[in-house]
Structures are given as structure tokens and as C-alpha cells.
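# Here is a sequence with its predicted model. Questions after.
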Amino acid sequence: MKKLLFVYVLLIGTFLIYLLNYYAKDSAGNPWGQMDAGLRGEIDEKYYLVTFQSGMEYWKSCLKGFEDAAQALNVSVEYRGATQYDVHEEVTVLEQIIAKKPAGIAISAIHADALTTTIDKAVDAGIPVVLFDSGAPGSKALSFLATNNYNAGETAARTMAELLGGRGQVAVVTSPNQFNHMERTQGFQDTIAREFPDMRVVEVRDGKGDQVVSKEAATEIMASYPELAGIFATEANGGVGVGEAVRLLPGTSKLHIISFDTDKATLDMVKEGTISATMAQGTWNMGYWSLQFLFHMHHGLTPPGAGAQSDVSPLPLRVDTGIAVVTKENVQHYYAK
């Protein structure tokens, strides 16, 4: 009886050792073992979303995407930004965040070059950084998630040409130091010059991302060019400012405005017909995938062999988050629900 009991104990022990060995091998063979349990972080793991003019309605959808990703990943996020259109303020905000040693930073750069040194400082300190909406192409940021702004400028030009029957004088109100606006303006200008010989861009003016400044710029352009047929505003505040200028000047009601983004003021002007069309960006995508990318970098969940010592980038260098044309016919679908 004792011998039989000994045999049973031996067999059970051998089986348990086999099971432990099997699961140990299975775990070792899966370097991304976290995937089995889903992508889950720690609640004290904090990521930052950084912008400029932080009170703008435009950023709400980006932040919502960032927060939705945080909820899915079980991590914490915080929104910070420059309150004004001020390069120095955004640099200061970024420096303060770097000092906190966060798990990652997603930032929209107010200027194509002015934040490069500070972004590089974060990356050199081991903090993953991705750019969204507006880039800093000379920086060490790991990825840029945004509208393909050059293509969006092309789309705006073709939309304007359709509205004008392919002829007439047009102008641009933009933010010339901001990389995304530079691309939109260039795409618009190149397409007009290349595809529409009876159209001409007569002036490009700085609206400084401000309604009042953009309104003044539009008023001056219209005074200088009485035959002006259209204005392309490369951002929402500019579009609303241009719209206000057109409302106030007699005889300009037939001037076509193409704007950017889907804040309520812009959508209201599209609905009433002051703005003929606006370009809707995939802003939720920008926020959501920015955090996903940062999480993957923080947890080492990038492809094997990728990284600083490899020719393989750990993340997609650029992600096009999409564009759509909003007109009076479909504007209702773009109001916040």
C-alpha cells in the first residue's frame, strides 16, 4: 500500500513539474507577454498632452481621443498648454513637464523650429515624445500624427476652384511660422498654379491664429483687391475672423471662404452660408493614437530590432489622420453630439 501511494505521489509530482515547465516555456517564448492580458498600464503612469492656445475648442477632440486611450490602457493623463499663441510659454510648459519625468509626451508644436531643442531634451532624457497636428520636423520626436496638410491644401484649392468655376483672384490668411499651416498654404498655392491657369493667389497674410487679426487682414485684402473672389483661411479662428469681415463689408456676400476645422462658430458660419466649406480633421485619431504610440514605447512593445541603433524606426514616422470637406449639405453631421 505504501509503495502504491509512493508511486501516486511520484506521478502527480512529475505531472506538476511538467505543467510548470510548460507554462514557463510558453511565457519565455512570448516577449510581449502583456499582450495576452491586454494592454494595461498602471494608474500612476502619467502621460501629457501639450498644446498652445490651450482654451481653443479645437483641442477638445484631440484630448477626448487621448483620454479614451488612457481609459482603455488604465493609465493617467494630464492636459497642459500655453494659454496664448506664445512660443516661449509653450517651451516653458514643456520644460516643466520634462522635470516631472512622465511616461510620455504628445505635443503640438506652435513653431516648426522653436521647440526642437526642448523636444530633443525630453527624448535624450528617455521620455518618449510624439508630435500631433503641428510638427517640428528637425526634432528627435518619434512620430508625427496629423492631417496630410499639403494634401489638405490641395483639396481646399480644388474646392475653391469648383466654387469659382476655375477663375478669379483668391487670397490666403494663415499662420506662416507654424509648420502645418505652411504646408496647407503651399499645397493650396501649388495646386492653383498647376491646375487652374485662370485663378491667381494675389496675397498671403498672417492672421496670427487670432479672429481679430484675421478679420483685419481680410478687410485689408478685400480693400486692395476689389475683384477678390475667395479667401482660404488655414485655421478655425482665421476662418471665423474672415467670415466676420465679409459680413460687415457691403458687396462681399458672394466672396467664397474656405476654412479649417469644425468648432461650433465655424460650423454655424457654414450652416448660414458665410463660409462655403471647411476642412474637417481627424482630431480624435490624433489624440487616441498618440497615447497608444507613447504607451508602446514606454513599455518596450515596439518591433524587435527597432530603435536608435537600427535602421528600423520604432514607430511609423508619419500617420495621416484624415480629412473631409464640410459644406452646408453635410454640416449637421459635424456638430458635437
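Great, that's in hand. Residues are numbered from 1 along each chain as shown.
# where exactly do the strands run in the chain?
Taking DSSP state E as the test, the strands found in the chain are 46-51, 76-81, 104-107, 129-132, 144-146, 168-174, 199-206, 228-233, 256-260, 277-281, 318-320, 323-326.
# Now do the same contact list for residue 287.
Contacts for residue 287 (CB atoms under 8 Å, 6 or more residues apart in numbering) come out as 49, 61-69, 106, 132. In short, each C-beta sits where N, CA and C put it, glycine included.
# min pLDDT across those, which one?
Across the set of these, residue 61 stands lowest in pLDDT, at 92.
# Select from the contacts of residue 287 the one having the most neighbours.
Of all the contacts of residue 287, residue 132 has the most neighbours under the rule other CB atoms under 10 Å, reaching 30 neighbours.
# That one reaches residue 292, doesn't it?
No. Taking contacts as CB atoms under 8 Å, residue 132 lies outside contact range of residue 292: 11.8 Å.
# ok so, going back, just send the contacts of residue 287 back as a markdown table, with distance to residue 332 too.
Formatted as a markdown table, the contacts of residue 287 follow (distance: CB to CB, whole Å):
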| residue | distance to residue 332 |
| --- | --- |
| 49 | 29 |
| 61 | 17 |
| 62 | 22 |
| 63 | 24 |
| 64 | 20 |
| 65 | 22 |
| 66 | 27 |
| 67 | 26 |
| 68 | 24 |
| 69 | 28 |
| 106 | 31 |
| 132 | 27 |
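# nearest to residue 283, of those residues?
Nearest to residue 283 among those: residue 61, at 3.8 Å, using CB to CB.
# Was I right to think the closest one contacts residue 285?
No. If you go by CB under 8 Å, residue 61 and residue 285 don't touch, sitting 9.2 Å apart.
# any residues in contact with both of the two?
Common contacts of residue 61 and residue 285 (CB under 8 Å, 6+ apart): none found.
# Pull the contacting residues for residue 113.
Applying CB under 8 Å, 6+ apart, the residues near residue 113 are 136, 138.
# From residue 206, how far out is it?
17 Å (CB to CB, to the nearest Å).
# Among the contacts of residue 287, name the ones in helices.
Counting by DSSP state H, the part of the contacts of residue 287 found in helices is 61-69.
# now, which of those residues sits nearest residue 54?
Closest approach between the ones in helices among the contacts of residue 287 and residue 54, by CB to CB: residue 63, at 9.6 Å.
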